[in-house]
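Trainee: What follows is a predicted protein model with its sequence.
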Amino acid sequence: MADHSEGACRRVDVGISRVFELFGKRWTGPIVSVLLQRPVHFAELRRAIPGISERMLSDRLTELGAAGLVIREVDEGPPLRVAYRLTEAGTAMEPALKELGRWADTYLAPETGGGC
């Protein structure tokens, strides 16, 4: 008989909880995925992620910056332009994100509808 006592149940890993607290939010993964390719200006980043609003993109970039994954760089211009790039910690996510992408290709049903 299986042990269903409170003591037998393991708590979720704290590291996993912290990762999904950030990456479980909509748009975070696609933003990091685009930034893995190269630094990108705000407008380019918004065009690269269909459906994201300016406000949501700004909010997610702020969160990623606070987490130490993204750096905001201002080019005084003219015109004034803001670019974003990944930090060393952000770039270190690449192997994990690529592996998740491979897993999705293998085990998740393909989405139907729009795409490039």
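Mentor: Right, received. Where do you want to start? Given the structure is predicted, the values throughout are model-derived calculations rather than measurements.
Trainee: Can you list the low-confidence ranges for the protein?
Mentor: Under the criterion of pLDDT under 70, the regions of the chain flagged as low confidence span 1-9, 112-116.
Trainee: my read: residue 22 touches residue 32, true?
Mentor: No: Residue 22 sits out of contact with residue 32 when judged by CB atoms under 8 Å, with a separation of 9.6 Å. Quick note: C-beta positions are derived from backbone N, CA and C, even for glycine.
Trainee: Return every residue with contacts to both of those two.
Mentor: Both residue 22 and residue 32 are contacted by residue 64, under the criterion CB atoms under 8 Å, 6 or more residues apart in numbering.
Trainee: how about residue 97, what does it touch?
Mentor: When contacts are counted by CB under 8 Å, 6+ apart, residue 97 touches 29, 32-33, 36.
Trainee: buried subset of the residues you listed?
Mentor: By the neighbour-count criterion of 16 or more other CB atoms under 10 Å, the contacts of residue 97 include these buried positions: 29, 32-33.
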